[in-house]
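1. this one's structure only:
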């Protein structure tokens with residue numbers, strides 16, 4: 001048996017997949033409903049997931065954490081062209097400065113002692129410093 005066929009073996013119940021991925025059973029069923037995963041079924045109609053399914057679920061979770069919506073996730077994983085703003089999230093992130101650059105600019109601005117608030121690069125944008133990681 002080769003490696004690719006071993007990765008496709010249905011081994012895990014939904015409870016084990018929940019523990020491996022950190023997703024709820026409802027989320028897993030939702031992603032199945034949207035065609036992102038295709039778990040096998042046992043004779044008793046129980047879902048059985050393979051290593052490939054678990055990896056796919058981890059990819060879905062990662063993309064959602066990166067800010068993609070479901071249509072963006074589908075487009076990315078199914079290889080279709082993105083058609084909405086949710087799929088364009090990756091392009092927005094590329095144009096956005098990193099946290100290190102942001103902290104450096106803020107430190108330079110504070111050390112320069114600028115008195116004109118209208119000239120500040122960060123006016124009204126300090127919430128970015130408190131992003132969830």
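-> Good, I have the coordinates. All of these numbers come straight from a predicted model, not from anything done at the bench. Numbers count the residues shown, from 1 in each chain.
2. End to end on stretch 39-54, go ahead and measure it.
-> Taking CA to CA, to the nearest Å, the first and last residues of stretch 39-54 lie 10 Å apart.
3. Give me the contacts around that stretch.
-> With CB atoms under 8 Å, 6 or more residues apart in numbering as the test, stretch 39-54 has contacts from 6-14, 16-17, 20-21, 32, 37-38, 57. The C-beta positions use only the backbone N, C-alpha and C, and glycine is treated the same way.
4. Okay, and which of the residues you listed map to helices?
-> 6, 7, 14, 16, 17, 20, 21, 32, 57 (DSSP state H).
5. residues touching the nearest residue to the last one once chain neighbours are set aside, list them.
-> Put plainly, it is residue 57. Across the structure, with CB to CB, 6 or more residues apart in numbering as the measure, the residue nearest residue 57 apart from its sequence neighbours is residue 21 (4.8 Å). Applying CB under 8 Å, 6+ apart, one finds that residue 21 lies in contact with 28, 54, 57, 58, 61.
6. Residue 21 and residue 6: what is the separation?
-> 19 Å (CB to CB, to the nearest Å).
7. Select the helix or strand of the protein having the lowest average pLDDT value.
-> Lowest by mean pLDDT, DSSP states H and E among the helices and strands of the chain is helix 89-95, with a mean of 53.
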